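Novice: Pasting the sequence and the predicted coordinates here, then a few questions.
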Amino acid sequence: MNIIELQKKLLAAARMTPPSDQAPYAFGKRIMAHLLTRPSIDVWTVWGIALWRAALPCIAIMFLTVTWIYFVAERSSSATPLAIALENTVLASVDNGGYSW
């Protein structure tokens, strides 16, 4: 049998059948059952994957920062070394000159 002729006959038969306004039997129940079996999203897994993906860029940034501090900042001719400047910055909120709220 010719495939093209078979296709034409099937399309003609489908065009002659009017579409129904009714949904198939138990269509709503099948849809609801399908929605209930859908897997739920595990938030902890999503967070874990995101944090593991972020670990490598964080390590790279840390390595570049340590390298920059070691080779550039410590060998510069600034008056205050970087470690002391960092300590002063972190402890600035504690040492407020004796003023309190």
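Specialist: Right, received. Where do you want to start?
Novice: hey, let's count contacts and neighbours off CA atoms from now on
Specialist: Noted.
Novice: Give the residue spans of the protein that score low on pLDDT.
Specialist: Applying pLDDT under 70 to the chain picks out residues 73-80, 95-101.
Novice: Spell out the residue ranges of the helices in it.
Specialist: 3-16, 27-36, 43-68, 82-90 (DSSP state H).
Novice: CSV for the ones you listed, including mean neighbour count?
Specialist: Formatted as CSV, these follow (neighbours: other C-alpha atoms under 10 Å):
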stretch, mean neighbour count
helix 3-16, 10
helix 27-36, 10
helix 43-68, 11
helix 82-90, 12
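Novice: any idea which residue sits dead centre in the protein?
Specialist: Ala50 (6.0 Å; C-alpha atoms, centre = their mean).
Novice: now that one: how far from Leu64?
Specialist: Using C-alpha to C-alpha, to the nearest Å, Ala50 is found at 22 Å from Leu64.
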